[in-house]
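A.B. asks: got a sequence here, can you model it:
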Amino acid sequence: MAMLPSVPHPSPFELPELDALERTIALGGSHLQAHTVCSVDLPGGGRYPLRCITLGNPSLDVPAVGYFGGVHGLERIGAGVVIAYLHSLVERLAWDSALHRQLESVRLVFMPIVNPGGMALGTRANPQGVDLMRNAPVDAREPVPFMVGGQRLSARLPWYRGAFGAAMEAENQAVCAVVQAELLSRAFSLSVDCHSGFGSSDRLWFPYAHTRTPIAHLAEMHALKNIFTASHSHYRYIFEPQSLQYLAHGDLWDYLYRQASAQPERIFLPLTLEMGSWLWVKKNPRQLFSRHGIFNPLIAHRQQRVLRQHQSLLDFLARAAHGHKLWLPAEDMRTYHHAQASHHWYGSRP
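C.D. replies: A predicted model of the protein is given here:
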């Protein structure tokens, strides 16, 4: 039997994901709106755009979903999953009348490559050495794991938060600007940020990461989990607050969720998809000898399988936003969902 080909890793400074994104934007034509939020410079030369793509109804009266990827440059598969879903939508626009009707009542927002500089360099951090998921102005209220929870010792070490008192990195400012304009400006919005981590399961995390205290919209998050598990009988995700795994300083989605919570009339439910890369490594142990292989499937058919298997989740979020009024718990049911969620995720804690 012939050996299946491996997925070649691009040379430094090459960014095939950006090429794929630009081809998808061109294919989408007038159905998409695309703009460059900011540009990122690489040491020694080279500049990459941070692109935002939107489709659907721009009215602030409709709900929205944000799809994000490539926050950590080593985790290229996250960007790939988001780009694959956007490409699927573009292809469906040619024939799917149901999708056209759906887009009349929902807004979809894509930032598939949040950290183009880090992705081009093959680093977790951005070109300044800052870990974008440790960079927001949020300090953990409880002890965090040494280093992993965020550190200010040196940009030469992983999980660097940035200098104390410095502004957020340009990439994070760009994400915040898009989220504030496109998501937090609406009565209801969802988001998913696609990552990979060295775990044995695919996980869906929600805030908080800086504290074990439950979020204000715990009931709504539990209702979202319920409709997902009820409609996906063979789902494989572990749905949980990130704080059950570890606490961290500077989580960007904690920061944005707290901003949204300052507007009680609005609901923003951010999720993080943490794809378990051990699922790929254990089938191809040679990946352990590659820093890219630890976080990404390197064999072609496994990469394609990963790109396919998460499309139903991303499509579910668009449908859930579109039909949010049908499943959001009414006031008399919020107490029930909150109690169920507290017992399920936090034990006996209220």
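
A.B. asks: report the buried residues of the secondary structure element (helix or strand) that residue 78 belongs to.
C.D. replies: Residue 78 belongs to helix 76-92 when assigned by DSSP states H and E. Neighbour counts over helix 76-92 (16 or more other C-beta atoms under 10 Å) mark 76-90 as buried. All C-beta spots, glycine's among them, are computed from the backbone N, C-alpha and C.

A.B. asks: with stretch 21-29 instead?
C.D. replies: Buried residues in stretch 21-29, counted by 16+ other C-beta under 10 Å: 21, 24-25, 28.

A.B. asks: quick one: it to chain centroid distance?
C.D. replies: 21 Å (C-alpha atoms, centre = their mean, to the nearest Å).

A.B. asks: quick one: mean pLDDT for it?
C.D. replies: Throughout stretch 21-29, pLDDT has a mean value of 97.

A.B. asks: where does this protein dip in pLDDT?
C.D. replies: For the chain, the stretches flagged by pLDDT under 70 are 1-13, 348-350.

A.B. asks: so the spatially most central residue of the chain, which of the three states?
C.D. replies: Centroid-nearest residue in the chain, with C-alpha atoms, centre = their mean: residue 193, separated by 0.3 Å. Classification of residue 193 using DSSP: H, G, I helix; E, B strand; the rest coil returns strand.

A.B. asks: my read is that it contacts residue 257, right?
C.D. replies: No: Residue 193 is beyond contact range of residue 257, at 11.9 Å (criterion: C-beta atoms under 8 Å).

A.B. asks: who touches both of these two?
C.D. replies: Jointly contacting residue 193 and residue 257 under the rule C-beta atoms under 8 Å, 6 or more residues apart in numbering are residue 270.

A.B. asks: which residues touch the helix holding residue 78?
C.D. replies: With contact meaning C-beta under 8 Å, 6+ apart, helix 76-92 is reached by 17, 20-21, 24, 27-28, 31-32, 53, 55, 67-72, 99, 108, 110, 112-113, 119, 193-196, 273, 275, 292, 295-297, 303, 306-308, 310-311, 314-315.

A.B. asks: likewise for stretch 204-216?
C.D. replies: With contacts defined as C-beta under 8 Å, 6+ apart, stretch 204-216 is touched by 138-142, 221, 237-243, 245-249, 251, 253-254, 257, 261, 269-274, 313, 341-342, 345-346, 349.

A.B. asks: pull out the buried residues from it.
C.D. replies: 204-211, 214-215.

A.B. asks: which of the helices or strands spans residue 345?
C.D. replies: For residue 345, the element it lies in under DSSP H and E is helix 331-346.

A.B. asks: show me what that helix is packed against.
C.D. replies: helix 218-231, strand 237-241 (3 or more C-beta pairs under 8 Å, 6 or more residues apart in numbering; DSSP states H and E).

A.B. asks: just put these in a markdown table and tack on distance to residue 282.
C.D. replies: What follows is those, written out as a markdown table (distance: least, C-beta to C-beta, whole Å):
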| stretch | distance to residue 282 |
| --- | --- |
| helix 218-231 | 26 |
| strand 237-241 | 18 |
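
A.B. asks: which parts of the stretch 201-350 of the chain are helices?
C.D. replies: If DSSP state H, counting those that start in this stretch is used as the criterion, the helices of the stretch 201-350 of the chain fall at 218-231, 252-261, 278-281, 300-309, 311-322, 324-327, 331-346.

A.B. asks: which one of these lies closest to residue 287?
C.D. replies: Distance to residue 287, taken as C-beta to C-beta, is lowest for helix 278-281 among the helices of the stretch 201-350 of the chain, at 4.9 Å.

A.B. asks: return the distance of that closest one from the chain's centre.
C.D. replies: Counting by C-alpha atoms, centre = their mean, helix 278-281 comes out at 20 Å from the chain centroid.

A.B. asks: same check on stretch 109-116?
C.D. replies: Centroid displacement of stretch 109-116 relative to its chain, using C-alpha atoms, centre = their mean, is 9 Å.

A.B. asks: let's see the distance spanning that stretch from one end to the other.
C.D. replies: One end of stretch 109-116 sits 18 Å from the other (C-alpha to C-alpha, to the nearest Å).

A.B. asks: and if you look at stretch 66-78?
C.D. replies: Start and end residues of stretch 66-78 are separated by 14 Å (C-alpha to C-alpha).

A.B. asks: check stretch 34-53 too.
C.D. replies: In stretch 34-53, first residue to last residue: 4 Å (C-alpha to C-alpha).

A.B. asks: could you pull out the buried residues of that stretch?
C.D. replies: Buried-residue list, stretch 34-53, by 16+ other C-beta under 10 Å: 34, 37, 40, 42, 46, 48-53.

A.B. asks: what's in contact with it?
C.D. replies: By C-beta under 8 Å, 6+ apart, stretch 34-53 touches 13, 15, 18, 21, 25, 28, 32-33, 54, 86, 109-117, 120-121, 126-127, 170-171, 173-174, 177-178.

A.B. asks: just the buried residues of these.
C.D. replies: Buried among the contacts of stretch 34-53 by 16+ other C-beta under 10 Å: 15, 18, 21, 25, 28, 32, 54, 86, 109-117, 120-121, 126-127, 170-171, 174, 178.

A.B. asks: which of the residues you listed fall in strands?
C.D. replies: If you go by DSSP state E, the buried ones among the contacts of stretch 34-53 have 54, 109-111 in strands.

A.B. asks: pull the most distant pair out of these.
C.D. replies: Among those, 54 and 111 lie farthest apart (C-beta to C-beta), at 10.0 Å.
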